[in-house]
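Asker: take a look and give me a structure for this.
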Amino acid sequence: MKAANLLGAHEMDVGGTRLPLAAVLDNLPWSAEGLIAAIAQQHDSGEVLMLAWMNRTALEETLLAGRVCYWSRSRQKLWRKGETSGATQHLIEARFDCDGDALLLRVDQNAGACHTGRSSCFYNAVLGDEIVILSNPGEAVP
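Answerer: The predicted structure is shown next:
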């Protein structure tokens, strides 16, 4: 049974319904590379910080340790957010979307989430027929 069916079978259940985490993880619709999209959001402001990828090992480590760990597609290894920059993410809450093909990580980000030092990786706004860079490196994104 795929997670879409596992989670989808319960989409009309009342709030408070509980599903076993192991069963959900076993049946997630992982990509061909064994990955799932993970969106990081600042827990108190709602700011969307970044999109990254997790494999099962990264997801399990994140859930166990409370410090966010991703899978680096370019380096082909686990990437513990902030291990070189110091800009760590502490997990507050993890949520799957309705069909289990994406994960929302509500985090406490201690410094800029983007490798440019910006607070968010989403600083390139589409305005009409142009892309406008909204903030300088090292600054908050409005």
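
Asker: buried residues, the helix with the most length in the chain. List them.
Answerer: Ranked by residue count under DSSP state H, the longest helix found in the chain is helix 56-65. Judged by neighbour count using 16 or more other CB atoms under 10 Å, the buried positions of helix 56-65 are 58-59, 61-62. For glycine as for every other residue, the C-beta is placed from the backbone atoms N, C-alpha and C.

Asker: residue 23: neighbouring residues, count only.
Answerer: Look at residue 23: counted by other CB atoms under 10 Å, it has 11 neighbours.

Asker: ok, residue 71 next?
Answerer: 22.

Asker: quick one, helices of this structure?
Answerer: 3-8, 21-26, 56-65.

Asker: and the longest helix of the chain, what does it pack onto?
Answerer: helix 21-26, strand 69-72, strand 77-80, strand 89-96 (3 or more CB pairs under 8 Å, 6 or more residues apart in numbering; DSSP states H and E).

Asker: so which of these is the most packed in?
Answerer: strand 69-72 (a mean of 21; mean count of other CB atoms under 10 Å).

Asker: list the pairing partners of it within its sheet, with orientation.
Answerer: Strand 69-72 pairs in its sheet with strand 77-80 (antiparallel), by DSSP bridges.

Asker: ok, now how distant is the nearest residue to residue 95 once chain neighbours are set aside from residue 37?
Answerer: Spatial nearest neighbour of residue 95, excluding adjacent residues (CB to CB, 6 or more residues apart in numbering): residue 104 at 4.5 Å. To residue 37, residue 104 is 10 Å away according to CB to CB, to the nearest Å.

Asker: report the two of the buried residues of helix 56-65 separated the most.
Answerer: Farthest apart among the buried residues of helix 56-65 by CB to CB are 59 and 61. That separation is 7.3 Å.

Asker: can I get stretch 10-26 as CSV, trimmed to CA atoms?
Answerer: Only the C-alpha atoms of stretch 10-26 are listed here, as CSV (Å, rounded to 0.1, in the frame of the first residue of the first chain):
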residue,chain,number,x,y,z
HIS,A,10,-7.5,8.6,6.4
GLU,A,11,-7.9,12.1,4.9
MET,A,12,-11.5,12.3,6.1
ASP,A,13,-10.8,11.0,9.6
VAL,A,14,-11.5,13.2,12.5
GLY,A,15,-8.7,15.3,14.0
GLY,A,16,-6.7,13.3,16.6
THR,A,17,-6.6,10.1,14.5
ARG,A,18,-3.2,8.4,14.9
LEU,A,19,-1.2,6.4,12.3
PRO,A,20,2.0,4.5,13.1
LEU,A,21,5.0,6.4,11.9
ALA,A,22,6.9,3.3,10.8
ALA,A,23,4.0,2.3,8.5
VAL,A,24,3.8,5.7,6.9
LEU,A,25,7.6,5.9,6.4
ASP,A,26,7.6,2.4,4.9
